[in-house]
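Sequence first, predicted coordinates after that:
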Amino acid sequence: MTTELTCDRNYRSQHDAPRNAHAQLAAAMEPVDLASRVAIVTGGESGIGRATALLLAQHGAQVYVGDFHQLPENREQFSDAGIKSLLCNVRVENDIRALIDTAVQEANRLDILVNNAGIAMVKQITDVTEDDWNACIDTNLKGPFFGCKHAVRHMRDSGGGAIVNTASNAGLLPRAHDPVYSISKQALIGLTKSLALCHSKDRIRVNAVCPGPVGDTAMMNADLDAASDRDKTAQQMISASPLAAAYERMIDPEEVAQAILYLVSDASMMVTGTAIAIDGGKSLGVPPK
């Protein structure tokens with residue numbers, strides 16, 4: 001019996017409906033076991049992507065990271081975790097296709113895709129150039145579209161899968177300081193819901209996480225480095241999130257990774273088309289004084 005066939009049967013047995021709802025609930029409450037699952041995380045060299053890649057590997061997944069930059073400080077940790085890192089520009093369809101095809105060729109399947117790569121765009125629309133627009137939309141929307149496009153065909157072949165798109169609280173409500181970024185993330189949530197509906201019949205679940213403000217990420221660090229007063233800007237970001245303000249800290253990348261772990265695990269087998277806010281209540285409305 002080939003490895004591919006064995007994996008396929010294992011995956012199907014894990015995803016076939018249990019005999020009753022009680023058995024399904026009991027299975028969902030077991031510790032997360034991603035053994036035999038193959039995962040791809042874009043933007044996986046830093047921040048939320050790195051935390052997610054390491055967490056998925058910790059739970060047994062075979063993880064492939066795709067990123068525009070490969071950071072030397074990750075090499076030893078990725079190697080110890082069995083994570084393979086490949087160069088990938090998510091704005092280029094051939095790069096996404098090559099990343100996914102490499103994982104499938106080496107591991108015989110694809111079960112999990114985390115479309116995490118993204119960039120910020122803190123500009124008013126009157127200052128946004130065509131190049132700015134293309135960079136933001138191509139990275140934050142077209143990249144996940146390409147990822148989903150090429151992942152779906154492999155997931156269908158292996159009996160299902162889970163896709164998680166990293167959106168933002170800017171995808172849940174418009175933000176005045178970065179309208180184009182907000183547009184890209186609102187559209188990404190629309191893509192998430194549309195594909196979740198389209199591919200439920202294929203047992204492919206598509207969900208989104210909506211973080212913010214998350215510390216220790218390339219995006220956040222770039223925003224803070226560009227600020228005239230780094231500490232004051234960081235405090236303003238924290239103050240805009242009720243729970244972050246209450247705890248007097250930003251959200252950790254690992255906290256977002258835990259939500260992603262849930263969405264790719266069997267515990268969320270009946271969850272699709274959702275957009276989970278991990279933003280300390282920032283998207284709820286005007287915070288209390």
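Arrived safely, thanks for sending. Since we're looking at a predicted model, the values are computed, not measured. Numbering: from 1, shown residues only.

mind listing what A81 touches?
Listed by Cβ atoms under 8 Å, 6 or more residues apart in numbering, the contact partners of A81 are 53-54, 57-58, 63. Glycine gets a C-beta too; all of them are placed from N, C-alpha and C.

Of those, which belong to strands?
V63 (DSSP state E).

ok, the contacts of A81 vs T166, which is closest?
For the contacts of A81, the closest approach to T166 (Cβ to Cβ) belongs to A53, at 12.5 Å.

Report the buried residues of the helix or strand C136 falls within.
Following DSSP states H and E, one finds C136 within helix 130-137. For helix 130-137, the neighbour count (16 or more other Cβ atoms under 10 Å) marks 133, 135-137 as buried.

Please apply the same query to stretch 65-72.
Neighbour-count burial for stretch 65-72 [16+ other Cβ under 10 Å]: 65-68.

for that stretch, the distance to its chain's centre please.
For stretch 65-72, the distance from its own C-alpha centre to the chain's C-alpha centre is 16 Å (Cα atoms, centre = their mean, to the nearest Å).

ok, residues contacting it?
Residues contacting stretch 65-72 (Cβ under 8 Å, 6+ apart): 40-46, 49-50, 53, 78, 83-90, 95-96, 99, 117.

Just the buried ones out of these, please.
Using 16+ other Cβ under 10 Å, the buried ones in the contacts of stretch 65-72 are 40-46, 49-50, 53, 78, 83-86, 88-90, 95-96, 99, 117.

how about JSON lines for the contacts of A81, with pLDDT and distance to A259 added?
As requested, the contacts of A81 are exported to JSON lines (pLDDT from 0 to 100; distance: Cβ to Cβ, whole Å):
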{"residue": "A53", "pLDDT": "98", "distance to A259": "15"}
{"residue": "L54", "pLDDT": "98", "distance to A259": "15"}
{"residue": "A57", "pLDDT": "98", "distance to A259": "17"}
{"residue": "Q58", "pLDDT": "98", "distance to A259": "15"}
{"residue": "V63", "pLDDT": "98", "distance to A259": "17"}
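
And the buried ones among the contacts of A81, selectable in ChimeraX?
Buried members of these, defined by 16+ other Cβ under 10 Å, are picked up in ChimeraX with:
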select :53,54,57,63
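
and which of the contacts of A81 is nearest to C210?
Comparing the contacts of A81 against C210 with Cβ to Cβ places A53 closest, at 19.7 Å.

Tell me who's in contact with that closest one.
Contacts of A53 by Cβ under 8 Å, 6+ apart are 39, 41, 44, 63, 65, 78, 81, 83.

By mean pLDDT, point me to the weakest helix or strand of this protein.
helix 3-15 (a mean of 43; mean pLDDT, DSSP states H and E).

Look up how far A257 lies from R97.
26 Å (Cβ to Cβ, to the nearest Å).

okay, these two: which has more neighbours?
The neighbour comparison of R97 against A257 (other Cβ atoms under 10 Å) goes to A257, with 26 against 15.

so that one touches T52, yeah?
Yes. Using Cβ atoms under 8 Å, A257 is in contact with T52, at 4.3 Å.

tell me which element V114 falls in.
Going by DSSP H and E, V114 is in strand 112-115.

Paired strands for that strand, with orientation please.
Partners of strand 112-115 in the sheet, by DSSP bridges, are strand 38-42 (parallel), strand 161-166 (parallel).

Using CSV, lay out the ones you listed together with distance to P211 and mean pLDDT.
Shown next, in CSV, are the strands paired with strand 112-115 (distance: least, Cβ to Cβ, whole Å; pLDDT from 0 to 100):
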stretch, distance to P211, mean pLDDT
strand 38-42, 15, 98
strand 161-166, 7, 98
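
Check those for me and report the most buried one.
Scoring the strands paired with strand 112-115 by mean neighbour count under mean count of other Cβ atoms under 10 Å gives strand 38-42 as the most buried, with a mean of 30.

Tell me the spacing between T42 and G159.
Counting by Cβ to Cβ, the gap from T42 to G159 is 23 Å.

now swap in V180 and tell me
Per Cβ to Cβ, V180 is found 39 Å from G159.

go on, R230?
As judged by Cβ to Cβ, R230 and G159 stand 49 Å apart.

Looking at the two, which one has more neighbours?
Looking at R230 and G159 with other Cβ under 10 Å, you find the greater number of neighbours at G159, namely 21 against 13.
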